[in-house]
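Asks: quick check, what structure comes out for this input:
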Amino acid sequence: MDNTDKTRNKFVSSMMQLMEKKPLDKITVKEIVENSGMTRQTFYRNFKDKYDLVNWHFEKLADQSFRQMGVSLTLKEGLIKKFQFIQNERCFFTSAFQSQDYNSLIQYDYECILEFYTNIIRKKTGKPLDKDIRFLLEMYCRGSIYMTVEWARKDMDLKPEEMANLLILALPGSLKELLTDLN
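Replies: Have a look, this model is predicted:
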């Protein structure tokens with residue numbers, strides 16, 4: 001891990017400690033900085049705002065889970081890893097998913113998975129998505145994010161494997177053909 005990542009992780013740790021006490025939208029950059037023992041200038045050298053910090057932390061999840069689908073993981077394996085990551089950092093994600101800011105993690109997650117699945121389909125078919133597939137993909141991604149947020153914000157009574165199975169089961173037939181054999 002390089003120095004930049006170490007610095008960023010100190011801010012993540014600070015944010016996570018604060019999230020145990022109050023929602024993300026109520027936390028200020030000043031509090032994150034003071035709690036981390038670092039300077040405001042260092043924070044802004046690394047992040048645009050607190051939402052950028054949250055999204056950077058989410059990138060670790062993406063790199064370890066759904067961005068590995070079709071590379072070293074199947075769709076199911078990638079989804080399971082994503083849910084395990086969320087479960088392991090429950091406080092962080094519960095708080096982050098409550099944010100209603102335009103830069104929220106919900107919107108960021110949606111954009112990430114939509115782009116990822118779009119690229120997989122383009123690569124597999126060799127052409128841009130037609131309007132019907134695009135519609136189904138957007139609807140599926142929104143629904144998948146909504147259910148992920150519900151799962152994270154409530155009691156996580158389903159195991160990561162069960163969540164992955166349900167999201168795969170919910171894939172519209174046309175998308176299932178394009179996304180389920182990713183290895």
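
Asks: just say helix, strand or coil for the nearest residue to Tyr51 once chain neighbours are set aside.
Replies: In space, and not counting its chain neighbours, Tyr51 is closest to Asn103: 3.7 Å by C-beta to C-beta, 6 or more residues apart in numbering. C-betas here are computed from N, CA, C, even on glycine. Three-state assignment for Asn103 (DSSP: H, G, I helix; E, B strand; the rest coil): coil.

Asks: what about Asn103, distance to Ile133?
Replies: 28 Å (C-beta to C-beta, to the nearest Å).

Asks: equivalent analysis for Phe85, please.
Replies: For Phe85, the distance to Ile133 equals 28 Å [C-beta to C-beta].

Asks: now swap in Glu89 and tell me
Replies: 33 Å.

Asks: one more: Met15?
Replies: Going from Met15 to Ile133 by C-beta to C-beta gives 37 Å.

Asks: shaky segments in the chain?
Replies: Low-confidence segments of the chain (pLDDT under 70): 1, 64-72, 181-183.

Asks: now with 50?
Replies: Counting by pLDDT under 50, the chain shows low-confidence ranges at 183.
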